[in-house]
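Trainee: Prediction below, plus the sequence it came from.
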Amino acid sequence: MQRIRRFTQHIACVFGLLCLGCSSNNLVEVSGTVTIDGKPLTVGFVTLVPSNGRPAYGEIGPDGRFTLKPYNDQVGCPLGTHRVSVVAFEILSPTTQRWHAPIHYRDHETSELTATIDGPTDSLKIELTWAGGKPFIERTGVEGEKE
């Protein structure tokens, strides 16, 4: 009887430590929409980069919606304030791509976008603007050429 009690206490302790380790990730379910000049962005990826820890990313669907997950394929995003990047282009040929959002959004260091995640949400809004620009075609392999 004493062995069973100790074994049960040991299992409970191990389980508690495992749960504590899981909860320290502080991942919450996050989804939302990306718009550009008020209209849904229909292609691309969103990445939220925390100050420490792994980024969370999500593919943008044809309706502008995304769901974030960290790179280990769990669903969720760490709590906190994150820098945001949005990469939105489609490949037209091996040397040509059409950008659906300004290039400066592709890097969380230059996008000037942030998002604060303080709990689960299905309504995170990421709003982009062309600021007078428009989608364009970029040719790679041909130095600096854009249409």
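Mentor: Right, received. Where do you want to start? Predicted, not measured: the structure shown is a model, and the values here were computed from it. Residues are numbered from 1 along each chain as shown.

Trainee: Out of the helices and strands in the protein, which is least certain?
Mentor: Lowest by mean pLDDT, DSSP states H and E among the helices and strands of the chain is helix 2-23, with a mean of 36.

Trainee: quick one: average confidence on the following helix or strand past that helix?
Mentor: Sequence order places strand 27-28 as the next helix or strand after helix 2-23, per DSSP states H and E. Strand 27-28 shows a mean pLDDT of 92.

Trainee: Equivalent analysis for stretch 136-147, please.
Mentor: Mean predicted confidence for stretch 136-147 is 72.

Trainee: Would you check that Ser85 makes contact with Gly44?
Mentor: No: in this structure, Ser85 is not within contact of Gly44 by C-beta atoms under 8 Å, at 9.9 Å. Bear in mind the C-beta positions are built from the backbone N, C-alpha and C, glycine included.

Trainee: how many neighbours does the closest residue to Thr121 other than its chain neighbours have?
Mentor: Distances taken as C-beta to C-beta, 6 or more residues apart in numbering place Val30 nearest to Thr121, at 5.7 Å, with adjacent residues excluded. By other C-beta atoms under 10 Å, 27 other residues sit near Val30.

Trainee: going forward, begin numbering at 645 instead of 1
Mentor: Okay, residue one is now 645; in that scheme the one you just asked about reads as Val674.

Trainee: Val674 against Asp762, yeah?
Mentor: No: counting by C-beta under 8 Å, Val674 does not reach Asp762; the two are 10.5 Å apart.

Trainee: before we move on, which element is Val690 in?
Mentor: strand 689-694.
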